[in-house]
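Trainee: Sharing a sequence plus its predicted fold:
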Amino acid sequence: MKKTITVFGSSMPLPGDEEYETAYKLGRLLAENNFNVCSGGYGGIMDAVSKGAKESGAEVTGVTVKIFKRIPSKFLTKEIKTNTLFERIDKLIEVGDGFVVLRGGTGTLVELSVVWEYMNKNIIPLKPVVCHGKMWRDLVKAIDRRMDYEGRRTGIVKYCNNLEDIISFLI
């Protein structure tokens with residue numbers, strides 16, 4: 001059975017934007033390396049990673065939420081509908097055998113934070129978590145410093161600067 005990687009990221013990038021094209025390439029690389037993909041199921045990075053994965057033969061799951069009233073990505077092979085934002089986040093985590101965090105805003109930060117906290121508190125087992133993009137590098141270091149200060153587990157979240165390193169980490 002193929003593992004599923006949940007990808008978090010901004011809903012804002014459009015085709016042709018660097019962030020969109022990066023997510024598209026990630027989707028292709030995940031599929032080519034025998035992973036299925038899960039995302040929040042809408043536009044931007046979610047659409048791009050879904051497109052790349054579907055075009056390369058992967059199953060693509062989108063976890064949508066009724067309150068957004070948006071049209072899901074046309075590249076989904078499966079949609080899981082949820083009622084609340086927190087139900088959506090829990091489902092994204094439940095489906096994922098690993099997590100990739102691309103650039104995003106506060107929603108992406110919340111998703112990363114919940115994954116990190118669930119693992120830190122042993123609510124879910126340790127799974128691979130990797131952030132991509134300079135915006136996450138300093139945050140990952142700062143949180144790890146704080147975890148070390150508190151005598152808690154460090155190294156739960158990895159930072160990678162390129163997509164090939166992400167794939168190597170997940171394999």
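Mentor: Happy to help now that I have it. A quick note: this is a predicted structure, and the numbers were derived from the prediction, not measured.
Trainee: give the contact list for the closest residue to residue 83 other than its chain neighbours.
Mentor: Leaving out its chain neighbours, the residue that sits closest to residue 83 by C-beta to C-beta, 6 or more residues apart in numbering is residue 66, at 5.7 Å. Where C-beta positions appear, they are placed from N, C-alpha and C, glycine not excepted. Residue 66 makes contact with 81-83 under the criterion C-beta atoms under 8 Å, 6 or more residues apart in numbering.
Trainee: Could you list which of those residues belong to strands?
Mentor: 81-82 (DSSP state E).
Trainee: Dump the contacts of residue 66 to a markdown table, plus distance to residue 151, neighbour count and pLDDT.
Mentor: Shown next, in a markdown table, are those (distance: C-beta to C-beta, whole Å; neighbours: other C-beta atoms under 10 Å; pLDDT from 0 to 100):
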| residue | distance to residue 151 | neighbour count | pLDDT |
| --- | --- | --- | --- |
| 81 | 41 | 14 | 97 |
| 82 | 35 | 18 | 97 |
| 83 | 38 | 10 | 96 |
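Trainee: so which of the contacts of residue 66 comes closest to residue 6?
Mentor: Residue 6 has its nearest neighbour among the contacts of residue 66 in residue 82, at 13.8 Å by C-beta to C-beta.
Trainee: Mind checking what secondary structure residue 117 has?
Mentor: helix (DSSP: H, G, I helix; E, B strand; the rest coil).
Trainee: List the contacts of it.
Mentor: By C-beta under 8 Å, 6+ apart, the contact set of residue 117 is residue 123.
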